[in-house]
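In: turn this into a structure:
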Amino acid sequence: MARLSPSQCRGQAPPAHEKSNAAAAAAHRNAPQRHPDFNPPITIPTSHTPPSHIQAACIPTLFCRIIVCVCGDEMGRGSLRLAVLECDQLQNYLGGNSDGYSKLLQTAFNQVLKNAARVLHPQMTVPPTLSFTAFDVKAEKYPEDFLAFDGVLITGSLSGVYDGDAWIQRLLNVIRELDNMKVKTVGISFGHQAIAEALGGHVGRNPKGSEVSVRKAQVTKEGARVFLPTFKEFRLHYHHNDAILTLPPGFLNLATNNVTEFQSTYKRQQFLTFCGHPEYSHNPEVLEKLLGYDREKLWVPEQLVEHGLTTLSQQTDYEWVIKQILLFFTGALDSFP
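Out: Numbers count the residues shown, from 1 in each chain. The predicted structure is shown next:
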């Protein structure tokens, strides 16, 4: 599939500044780099967060850029390639026919891209997709070369980052290597906690209890400067007993609530994490089965399990969260300090 410029996505002739941007992008692709066909991140020069109406006007262009980045051409070159470090096998808890974290994430991400493509360019006949390659890190399987990917996504797990298992210790070391290599990395739930623990933060049992339901998180002042567009709060499915207790140096807290202080964390150009699970919103039956497993193992108080089951069908902002992750991987979030 041919690449689409932002003006083509809007059905307009490209303005002069887009022509110059296109020329710059072409020059960039011809220069030595990690992925010759992957466009450079969008940059929006600014020293402050623009007013909300300016942000809103920029969003269609930003998401057109996402479509450009992930579509690639008919040979698949130029698509966003992500390495998924799968920190547990859900099939072990939910049955052999259950999807794993990587498949759940890929399905949810591709649905968001499909919806965005439908709105921005109705004539697009083949919806864009992401390239996900899963690695079972509990079996200590990792990419031979992280630089062959455009980013890394670390999934959830039923383990705790402080358990001391050999595979967890290696994962923490790998996260430190990713930090040194400046590889863009996203953490979800366990991944959110592992990144903090690896880089100088502290993770432990949440002193205010478990979150095992649809919950709200309020965006902080720092989050309002990073997220595009800014939300006052967002809702996700949650399934955790542990929490980040201390942020690592250099990280911002982007969201919080009355149970878990650090709901989303960010280190510019390197890490973005969420405590909640955007992938469960697209398939809430997974959380329903996990709550049944919690009940069987007596891991979560019965009243919390019952409450969680009543919230499974509630709407969440998982699409907005996934868009933030895509904007992070394409460099757009990093344009705002």
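In: show me where pLDDT drops low in the stretch 201-337 of the chain?
Out: The stretch 201-337 of the chain contains residues with pLDDT under 70 at 335-337.
In: helices along that one, start to end?
Out: Assigned helices in the stretch 201-337 of the chain, in chain order: 221-226, 278-282, 285-297, 302-311, 318-329 (criterion: DSSP state H, counting those that start in this stretch).
In: and those, which is most packed in?
Out: Greatest average neighbour count among the helices of the stretch 201-337 of the chain goes to helix 278-282 (a mean of 25), per mean count of other CB atoms under 10 Å. The C-beta positions use only the backbone N, C-alpha and C, and glycine is treated the same way.
In: and that one, what does it pack against?
Out: Here helix 278-282 touches helix 101-120, strand 233-237, helix 285-297, helix 318-329, going by 3 or more CB pairs under 8 Å, 6 or more residues apart in numbering; DSSP states H and E.
In: now the ones you listed in JSON lines, with distance to residue 211?
Out: Below are those laid out as JSON lines (distance: least, CB to CB, whole Å):
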{"stretch": "helix 101-120", "distance to residue 211": "18"}
{"stretch": "strand 233-237", "distance to residue 211": "9"}
{"stretch": "helix 285-297", "distance to residue 211": "11"}
{"stretch": "helix 318-329", "distance to residue 211": "15"}
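In: what stretches of the stretch 1-150 of the chain score poorly on pLDDT?
Out: Ranges of the stretch 1-150 of the chain meeting pLDDT under 70: 1-78, 96-98, 124, 127.
In: which of the helices of the stretch 201-337 of the chain sits closest to residue 271?
Out: Taking CB to CB, helix 318-329 is the member of those nearest to residue 271, at 8.9 Å.
In: run through who's touching that closest one.
Out: Residues from elsewhere that reach helix 318-329, judged by CB atoms under 8 Å, 6 or more residues apart in numbering: 62-63, 66, 70, 80, 82, 108-109, 112-113, 115-116, 150-151, 153, 184, 186, 227-228, 231, 234, 236-237, 272, 274, 276, 278-282, 333-334.
In: do you know which of the helices of the stretch 201-337 of the chain lies nearest residue 265?
Out: helix 221-226 (9.6 Å).
In: so which elements touch the closest one?
Out: Checking 3+ CB pairs under 8 Å, 6+ apart, helix 221-226 ends up next to strand 252-256, strand 264-267.
In: deepest of those, which one?
Out: Counting by mean count of other CB under 10 Å, strand 264-267 has the highest mean neighbour count of the helices and strands packed on helix 221-226, with a mean of 24.
In: which one of the helices of the stretch 201-337 of the chain lies closest to residue 143?
Out: Residue 143 lies closest, by CB to CB, to one member of the helices of the stretch 201-337 of the chain: helix 318-329, at 15.9 Å.
In: next, the angle strand 233-237 makes with that closest one.
Out: 100 degrees (axes from the mean of the first three to the mean of the last three CA atoms, to 10 degrees).
In: measure how far helix 318-329 is from the centre of its chain, please.
Out: Relative to its parent chain, helix 318-329 has a centroid offset of 6 Å by CA atoms, centre = their mean, to the nearest Å.
In: ok, stretch 266-286 next?
Out: Chain-centre distance of stretch 266-286: 5 Å, with CA atoms, centre = their mean.
In: measure it end to end?
Out: Across stretch 266-286, the terminal residues are separated by 27 Å (CA to CA, to the nearest Å).
In: circling back: between the helices of the stretch 201-337 of the chain, which one is nearest to residue 87?
Out: Nearest of the helices of the stretch 201-337 of the chain (CB to CB): helix 278-282, 13.2 Å.
In: ok, residues contacting that closest one?
Out: 101, 104-105, 107-108, 111, 188, 236-237, 239, 286-287, 316, 318, 321-322, 325.
In: and the strands in the chain?
Out: Here the chain has its strands, by DSSP state E, at 81-86, 131-136, 151-154, 185-188, 202-205, 214-219, 233-237, 242-246, 252-256, 264-267, 271-274.
In: may I see the ones you listed organised as TSV, with distance to residue 170 added?
Out: Shown next, in TSV, are those (distance: least, CB to CB, whole Å):
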stretch	distance to residue 170
strand 81-86	11
strand 131-136	12
strand 151-154	13
strand 185-188	16
strand 202-205	17
strand 214-219	30
strand 233-237	28
strand 242-246	19
strand 252-256	27
strand 264-267	21
strand 271-274	19
